[in-house]
Every structure is written in structure tokens, then in C-alpha cells.
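model the structure of this input:
(4 chains)
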There are 2 protein chains.
Amino acid sequence: MTAPRYDERMPRSNRQRTSRRAVYATLRRKVLTLEFPPGTALSENELAASLGVSRTPVRESLILLSEEGLVQVFPQVGSFVSRVDPAKVADAQFLREAVELASLEDLPGLPAELDPELVDELRRNLEEQQRPGLGLEDFFELDEAFHQTLLRLSGHGSAWATVVSAKGHLDRARRLGLYDTATSSGFAAQHVEILDAVLAGDIALARTAMRTHLRAVFDDVERIRARSPELFATDSGTVPVRRNIVVWE
Amino acid sequence: MTAPRYDERMPRSNRQRTSRRAVYATLRRKVLTLEFPPGTALSENELAASLGVSRTPVRESLILLSEEGLVQVFPQVGSFVSRVDPAKVADAQFLREAVELASLEDLPGLPAELDPELVDELRRNLEEQQRPGLGLEDFFELDEAFHQTLLRLSGHGSAWATVVSAKGHLDRARRLGLYDTATSSGFAAQHVEILDAVLAGDIALARTAMRTHLRAVFDDVERIRARSPELFATDSGTVPVRRNIVVWE
DNA sequence: TCGGCACGACTGGTATACAAGCATCGGTCG
DNA sequence: CGACCGATGCTTGTATACCAGTCGTGCCGA
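Numbers count the residues shown, from 1 in each chain, chains lettered A, B, ... in the order given. Purely as a prediction, here's the structure:
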């Protein structure tokens, strides 16, 4: 029996454009944008049919999403979009704060040593954020990019992926909060404050501003929780949701 | 068409004892303990045959492991145990340090407010660590438990799961380092130092000790890298490994 | 002898078939 | 009227079949 041999370098333009990736991305987006609200039943068969693929890539995507905590799978019962678990939101908040604050510590001592390209990127991003009439989804994209680029500035850009995977619950909650309150302009101002402190080389101030900013986001979550408790899990884990769907055909 | 309905509470003793879980746990353990060294080819068919299951649970496990970065999957080519990527090790180190240091900040102000049960658990753990003739795997288990319990002490126990998922590369590297140097006793002493500081309510000292400890672990990784570079990835991602297997039958 | 090309044995990706468990509904019996 | 209990249709878990791509190998011809 022989096996393929590889030399030390390969083009690997192979960007793995498989259907599972596409399905995963689609489902994750729909969960995070609340197109699939917490509690929605996700039947592997229905999803496969509606997406035009077989159960296999759908199933594999659901497994990944369940690993992220965005979906709960109950064998022989069903799969459901998980409710927003306050404990998991708190975890994500804690993790994010820990990572982003720690990354500020690793910024170069002198502002002059900052990567000018990244700084420009951050400046352009903030300008975009303050553009009037900005859509919610657009603001979210900019917000994501801002925080990620800030991490790259301290050389920890790749750590963002880990934050993202834990940030799912937080994001859903944030979206709930931002849907009815246009507080995004306030967040934009905080972003400016953070970047100013970084560019001034005042790490301590940057940390304070960042902490304030992230805590504000978290408080937003708590506020919306008081208003729409049905979207949140009352008891961590263990409890699926109620389905009341009848289809005539 | 009707759908199942659930009341708000369910025993759910259903501990999901599926074969995929078993396969995943087995494979992950074998990768982390270096029973499957970096570069090993993991054929879905072979694994399925040797584990006595079909390709499906094996495949799903490999997908999860590849999401953790412990395995690389190249469509139509093969799946391989990924080499220890120094960049990912650094990421894990950064993330871990950020989380563990931040958790220390959230300890109760007075040592008297610490959960006595957890404190006892930590004390027993440290006693075990200093037991002479302790096996390497046993030390690793105790080390894991120590750090997790320390997180629980500040109410962030569930954040440990995120650290674990990113910690895979770090763990493999640590294992490499500890296989030939019995530095575990030094680490045990550092653990004692950390807990002492926590119990004394000296958060600043605890942070310093923790940082020193985690950095020591990281330095160990760098040392072993210089000695056994073939186990590490030379170029991040994109490069599979060489297979030289011939089987006569 | 050396280069090129086609075949074959493998890979993982996808689709499908079958198995096992759970919830609902409707009949039946006490 | 109420409690039990099996039929039934759904669910996910697992096994298998088929597909397309990739590489090694060896024939074949110059």
C-alpha cells in the first residue's frame, strides 16, 4: 500500500469551497441575525431540502454550531436554535474583555511604532461608523472589523477567531438590544475614544475606555433581557423549546 | 404536520452517549498524548475499521478536531495530525494568560469569601502534585484540574472550556517538553505559590506568580522547539506532511 | 534510457438507506 | 370520564454507496 507524498510547499489554492462551508456559513448567519430566532426548530431534512443539498453537510454544520453553543441537538428529538443563555453571554463578555484588555498591554511602547497601515484602516473604519444613515448590519460589520484590527495592532490578530467562536451568544443579544435602540452612535464615540488613547500611547486610558465600552455593550444585553425574557434561557441547558407549527399542504 | 412539544423542564439524564462522542474523545486523546504524533496520516476508512464503526462518526470527529486545529483535512488528499504551529501555540498562550490573569481580578476582595469547598479541592490537588513518583499523565490531569478550579474560584469556571479548545497545540508542545525533562516539580511549586497568594488575598502577587508560571510553560515549548524542529510547522498552514509508509501483506 | 501519458488505487465530499428512540394521537378498557 | 397503550410519523444516529479529485506506478514509444 502506498500513500501520497508531499513536498514541503504546495500552492494550495484549494480554498476548500465545499458545500458544507457554504451551509455552515448560511446557517450561522441566519442564527446570528435572528432570521432564525432562538427556539426555532431546525430539522435536518427540511434544511437539506430548502438548501438543495443532502443531510450530510447540513448535519455536519449543525454539529459545529452546537459546539459553538448556538444550536442544541437532542438525539431522536430534534435540533433547535438555542436561547440566549445569560451565563454564556457573561462568559463571552468575560473572555472578550480579558483578551482585548490584555492585547492593549502588548501594544508597542511608543505610538510611533504602530503599524501605520493598520492605523489608517482604523481611522477609515471610524469615519465610516459616523456616517449618518448607517444601517445596523453595516455598523456591526464595522464594529467587528474595528475590534479585530485593534487586536492585530498588538500582534494578536489570530486570537480574534477564538473570541468570535465564543461571541455568538453575545452577538445575538447585542442585536436584540440594538434593534430598538439606536445607541450605535454612542458606541461609535467610544470607539473613537479608545483609538485616541492608543494613538496617544496612553495604555491605561485605553484600557479604561475599552472596559467601559465593553461593559456598556453588556449592560445593553441585560436591559433587553428584562424586556424580552422569553428569548433567554431560564435554566441553563437541559431545556428545549416549545414548537407550535402546523403546516397545511 | 405536527411537532413534538416540550414542557419547560425535562430530566434529560440523556447524557448523549453516542459513538461519535466516544470516537472524538479517543482521537483527541491520542493526538494530545502524541500517540498520534504530528504528521500522522489519519485515513477515515482505516480509523473506522480499527475503531469498529462506520466512517460517519469518524468523519464528524475529524471535522471537529480540524476546527480545533489539531487535524488538517485536505479534500481528496488526506487528513493529517497537524504539526505544532508556533503561531497557534503563541495564540493559546496569550489567550490563556489573558483569561487566567483576568479571572484573578474577579476574585472576592476578602479571602474569607472564597468558596471553602473549592479551596479544599485546590489544597488536595497540590498535595497530590507533590507526591513522589507521580506519572506524567497524572501530573497533567492534576495541572488541568488546578487551573480550572482556580477559574471556578472567581466564578468563571465555564470559560475554561474555551481555553481548552484553544489549548490543544500548547498541550502537545508541553508534553513534548515534559517528556525528557522532569520540570513538573518546579511547576508544582509555582502552583503552590499562586494558591498561597490567592489565599492571602494578595491579588497582585497572584498575578505575578501566575504570569511567571505560564511564561515558564511557554519557554519550555520554545526550548523543545529548538531541539525537535521537525515536529513543528515551518510555515503556518498550507503545508501537509510527508508520508513514508509501506505495508507488506 | 528517458519522457509522457493513461490507468488504478487511494483520498475525502456527498447522497442515500436503514436503525433506534421519542412524542403525539386515537382507540380501548376499567 | 379517565388512564393506559399501541400505531404512526417524526426526529437524529449510523452505515453504506457513489462521486470527483489526486497521486503513484508502470507501460509504451521515441
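
just give me how far stretch A:47-67 sits from the chain centre.
20 Å (C-alpha atoms, centre = their mean, to the nearest Å).

do stretch A:88-102 as well
For stretch A:88-102 - counting by C-alpha atoms, centre = their mean - the centre lies 12 Å from the chain centre.

tell me the mean pLDDT over that stretch?
The average pLDDT within stretch A:88-102 is 93.

quick one: it near chain B?
Yes - under the criterion of C-beta under 8 Å from any C-beta of the partner chain, chain B is reached by stretch A:88-102 at A:88, A:91, A:94-95, A:97-99, A:101-102. Where C-beta positions appear, they are placed from N, C-alpha and C, glycine not excepted.

which of those sits closest to B:Glu60?
Distance to B:Glu60, by C-beta to C-beta, is smallest for A:Lys88 among these, at 23.0 Å.

please, which helix or strand holds the closest one?
In the assignment (DSSP states H and E), A:Lys88 maps to helix A:86-105.

now, of the residues of stretch A:88-102 next to chain B, which are buried?
The neighbour-count test (16 or more other C-beta atoms under 10 Å in any protein chain shown) marks A:88, A:91, A:94-95, A:97-99, A:101-102 as buried among the residues of stretch A:88-102 next to chain B.

show residues contacting the lengthiest helix in chain A.
Longest helix of chain A, by residue count under DSSP state H: helix A:203-227. Residues outside helix A:203-227 that contact it (C-beta atoms under 8 Å, 6 or more residues apart in numbering or on different chains): A:84, A:86, A:89-90, A:93, A:96-97, A:100-101, A:104-105, A:107, A:170, A:173-174, A:176-178, A:181, A:183, A:186-187, A:190-191, A:193-194, A:197-198, A:232.

are any of those buried, and which?
Buried subset of those (neighbour count, 16+ other C-beta under 10 Å): A:84, A:86, A:89-90, A:93, A:96-97, A:100-101, A:104, A:107, A:170, A:173-174, A:176-178, A:187, A:190-191, A:193-194, A:197-198, A:232.

where in chain A is pLDDT low?
Along chain A, segments meeting pLDDT under 70 span A:1-15, A:177-184, A:234-249.

also near DNA strand D: which of the residues of stretch A:88-102 next to chain B, exactly?
By C-beta under 7 Å from any atom of the strand, no member of the residues of stretch A:88-102 next to chain B lies near DNA strand D.

mind picking the two most distant members of the residues you listed?
Largest separation among the residues of stretch A:88-102 next to chain B by C-beta to C-beta: A:Lys88 and A:Ala102, giving 21.0 Å.

what's the spacing between A:Ala188 and B:Gln16?
43 Å (C-beta to C-beta, to the nearest Å).

the two: which has the busier surroundings?
Taking neighbours as other C-beta atoms under 10 Å in any protein chain shown, A:Ala188 and B:Gln16 compare with A:Ala188 leading, 21 against 10.

re the thing from before, just put the residues of stretch A:88-102 next to chain B in CSV and tack on distance to B:Ser154.
Below are the residues of stretch A:88-102 next to chain B laid out as CSV (distance: C-beta to C-beta, whole Å):
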residue, distance to B:Ser154
A:Lys88, 17
A:Asp91, 12
A:Phe94, 9
A:Leu95, 13
A:Glu97, 13
A:Ala98, 11
A:Val99, 16
A:Leu101, 15
A:Ala102, 16
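
residue numbers of chain A in contact with DNA strand C?
Neighbours of DNA strand C within chain A, by C-beta under 7 Å from any atom of the strand: A:1, A:16, A:18-20, A:53-57, A:60, A:76-77.

buried subset of those residues, written for PyMOL?
Of the residues of chain A next to DNA strand C, the buried ones can be selected in PyMOL as follows, counting by 16+ other C-beta under 10 Å:
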select buried, chain A and resi 19+20+53+56+57+60
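
mind checking which of the residues of chain A next to DNA strand C are in helices?
Within the residues of chain A next to DNA strand C, residues falling in helices by DSSP H are A:19-20, A:55-57, A:60.

now the residues you listed in TSV, with distance to chain B?
Formatted as TSV, these follow (distance: C-beta to the nearest C-beta, whole Å):
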residue	distance to chain B
A:Ser19	11
A:Arg20	8
A:Arg55	11
A:Thr56	9
A:Pro57	11
A:Glu60	6
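
what is the nearest of the residues of stretch A:88-102 next to chain B to B:Leu153?
A:Phe94 (14.0 Å).

packing partners of the helix holding A:Lys88?
Judged by 3 or more C-beta pairs under 8 Å, 6 or more residues apart in numbering or on different chains; DSSP states H and E, the packing partners of helix A:86-105 are helix A:136-153, helix A:160-166, helix A:168-180, helix A:203-227, helix B:86-105.

so which of those gets nearest A:Arg28?
Across the helices and strands packed on helix A:86-105, A:Arg28 has its closest neighbour in helix A:168-180 (7.9 Å, C-beta to C-beta).

and the next helix or strand past that closest one?
helix A:184-199.

list the contacts of that next one.
A:104, A:107, A:111, A:114, A:119, A:122-123, A:126, A:129-130, A:134, A:136, A:139, A:143, A:146, A:150, A:153, A:178, A:203, A:205-206, A:209-210, A:212-213, A:216-217.

one more time with 7 Å
The contact list for helix A:184-199 (C-beta atoms under 7 Å, 6 or more residues apart in numbering or on different chains) reads A:107, A:111, A:122, A:126, A:129-130, A:139, A:143, A:146, A:178, A:205-206, A:209-210, A:212-213, A:216.

cheers, nothing more for now.
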